[in-house]
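Visitor: okay, here's the prediction I keep looking at, along with the sequence it came from:
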Amino acid sequence: MRPTAIIAAIAGLVAGVVAAIVTVAIASSNGAFDGSTTVITAGAATVAPVNVTASQSDFDPAAVYRARIRGVVTITSVFPDGEAGGSGFVVSNDGLILTNAHVVTNSADQSVQPSDVKPADHVFVRFQNGDQISASIVGYDLFADVAVLRVSADAEKLQPVPLGNSSRVRVGEPVAAIGSPFLEAGSLSVGVVSAINRSLSSGTGFAIPGAIQTDAAINHGNSGGPLFNSAGEVIGINAQIQTTSGGGEGVGFAVPIDLARHSMQQLVEHGKVSYGWLGVRLSTVTPAIADRFGLSVKHGALLVEVTPGGPADDAGLKVGGDLEQFQETSIRPDGDIITAVNGHPVVGSDQFVRLVAEAAPGQVLHLQVQRGDQSRSVNVTLGVRPL
């Protein structure tokens, strides 16, 4: 049996465990860490949208379920000390399946450091008709909590589900989650998008940006399963819950499908994912913070820490003086504030994290940086994000 930890009002991974429920606490990051959507084309299938509209009143979760249930699978991962269960979904005709990294690795174990994470010894995929077959792990991305599996395309009549565009998701739109909570395969829950652009802890020290919050019921075993919009397109991978009891309480989170697609592309092509890295910790500048500390700009990403010898340090970016707390935000008021990247205004740290995460190591970012009343341009060459 795998180790059990206690959740106390913090985000927890929602993979289930055969014969027992394992709940793993995830510590929140203090501040945001820096971090082109790509598409899998080989083996991909054209999947028709569900014949429903996107309005709340016309949302037909039964239609979404009928159209997509055959593409959703239950995953069992075998470890030296037990078995863990989760969900996943087929994304190509040649046998690719998306799920969470913590479903098929031991990354959910808080005693394991990210650099020591190991994959499961064996992974099995069970389809809705009850057939179970072995799957291989193509690769996993701990920074995004995404894993790609492959099954034999001849083993089953695969039914890929279509991937949507998480950048178009809006608060209030209806969603449907399908998965295997408590290993009850093929379970449907419905709700709405409660919030967007949330930051989740990945357990690596770097945030997962752009997460989707939903009130659709997500419980242990839902991890890795799809979150569908009303057209039957996957907009996220169900990954975490925020809870005081260890169960679903209406605050669930999904990894945005745009980020998952980016991970999948690199895992399929290279077996690993590389992210650009600036070597900073940031806080968001708001008008209230600007007024409180007399900052010359109302929006941006304020440097709180700079890694010695990192790309930001090499480019001459600086933090301010003593660390202060204001509205639960860490502030060094005299430090550099990033206000634009490659000509795009930066309104906060989460947005900047996403922009850095989308850039490749070795890419040069053109930053506009404010220090006091002076604005200057800084070019910085991104490094490789360390695990």
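Guide: Cool, got the structure.
Visitor: domain ranges for the protein, per the record?
Guide: Residue ranges for the domains of the chain, per automatic domain parsing: 10-270, 276-384.
Visitor: so for the shortest one, mean pLDDT?
Guide: On average, the pLDDT along domain 276-384 is 93.
Visitor: where along the stretch 251-387 of the chain do the helices fall?
Guide: For the stretch 251-387 of the chain, the helices identified by DSSP state H, counting those that start in this stretch occupy 257-270, 287-293, 311-314, 349-358, in order along the chain.
Visitor: deepest of these, which one?
Guide: Among these, judged by mean count of other CB atoms under 10 Å, the one packed with the most neighbours on average is helix 349-358 (a mean of 23). C-beta: built from backbone N, CA, C; applies to glycine.
Visitor: what packs against that helix?
Guide: strand 32-33, strand 187-201, strand 207-214, strand 276-277, strand 280-285, strand 300-306, strand 337-341 (3 or more CB pairs under 8 Å, 6 or more residues apart in numbering; DSSP states H and E).
Visitor: quick one: distance of that helix to the chain centre.
Guide: Relative to the chain's own centre, helix 349-358 is displaced by 13 Å; criterion: CA atoms, centre = their mean, to the nearest Å.
Visitor: again, but for stretch 188-203
Guide: Using CA atoms, centre = their mean, we find the averaged C-alpha position of stretch 188-203 to lie 9 Å away from the chain's own average C-alpha position.
Visitor: extract the C-alpha trace of that stretch and format it as PDB.
Guide: Taking C-alpha atoms only, stretch 188-203 is exported to PDB below (Å, rounded to 0.1, in the frame of the first residue of the first chain):
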ATOM      1  CA  LEU A 188     -20.100  11.800 -15.300                       C
ATOM      2  CA  SER A 189     -20.300  15.000 -13.300                       C
ATOM      3  CA  VAL A 190     -21.300  18.400 -14.500                       C
ATOM      4  CA  GLY A 191     -20.800  22.000 -13.500                       C
ATOM      5  CA  VAL A 192     -19.400  25.300 -14.700                       C
ATOM      6  CA  VAL A 193     -16.100  27.000 -15.100                       C
ATOM      7  CA  SER A 194     -15.700  28.800 -11.800                       C
ATOM      8  CA  ALA A 195     -12.500  30.700 -12.600                       C
ATOM      9  CA  ILE A 196      -9.600  30.700 -15.100                       C
ATOM     10  CA  ASN A 197      -5.900  31.400 -15.000                       C
ATOM     11  CA  ARG A 198      -5.400  29.800 -11.600                       C
ATOM     12  CA  SER A 199      -1.900  28.800 -10.600                       C
ATOM     13  CA  LEU A 200      -1.400  25.300  -9.300                       C
ATOM     14  CA  SER A 201       1.600  23.700  -7.500                       C
ATOM     15  CA  SER A 202       3.300  21.100  -9.600                       C
ATOM     16  CA  GLY A 203       5.300  19.800  -6.700                       C
END
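Visitor: for the domains of the chain, which one ends up most surrounded?
Guide: With neighbours defined as mean count of other CB under 10 Å, these peak in mean count at domain 10-270, which reaches a mean of 21.
Visitor: residue 158 - that's part of a strand, no?
Guide: No. Judged by DSSP: H, G, I helix; E, B strand; the rest coil, residue 158 forms no part of a strand; its state is coil.
Visitor: now render the helices of the stretch 251-387 of the chain as TSV, adding distance to residue 213.
Guide: As requested, the helices of the stretch 251-387 of the chain are arranged in TSV below (distance: least, CB to CB, whole Å):
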stretch	distance to residue 213
helix 257-270	15
helix 287-293	23
helix 311-314	30
helix 349-358	13
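Visitor: nearest to residue 153, of these?
Guide: Closest approach to residue 153 among the helices of the stretch 251-387 of the chain (CB to CB): helix 257-270, 14.3 Å.
Visitor: kindly format the C-alpha coordinates of the closest one as CSV.
Guide: Extracted C-alpha coordinates of helix 257-270, given in CSV (Å, rounded to 0.1, in the frame of the first residue of the first chain):
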residue,chain,number,x,y,z
ILE,A,257,-5.3,21.6,-22.6
ASP,A,258,-3.2,24.1,-24.4
LEU,A,259,-0.4,23.4,-22.0
ALA,A,260,-1.0,19.6,-22.1
ARG,A,261,-0.9,19.7,-25.9
HIS,A,262,2.4,21.5,-25.8
SER,A,263,3.8,18.8,-23.4
MET,A,264,2.4,16.0,-25.5
GLN,A,265,4.1,17.3,-28.7
GLN,A,266,7.5,17.4,-27.0
LEU,A,267,7.1,14.1,-25.2
VAL,A,268,6.1,12.3,-28.5
GLU,A,269,8.9,13.9,-30.5
HIS,A,270,11.7,14.0,-27.9
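Visitor: packing partners of it?
Guide: When contacts are defined as 3+ CB pairs under 8 Å, 6+ apart, helix 257-270 sits against strand 96-99, strand 132-141, strand 146-150, strand 207-214, strand 234-243.
Visitor: so what touches that helix?
Guide: For helix 257-270, contacts defined as CB atoms under 8 Å, 6 or more residues apart in numbering pick out 36-40, 42, 91, 96, 98, 138-141, 144, 146-148, 163-167, 208-210, 234-237, 272-274, 357-358.
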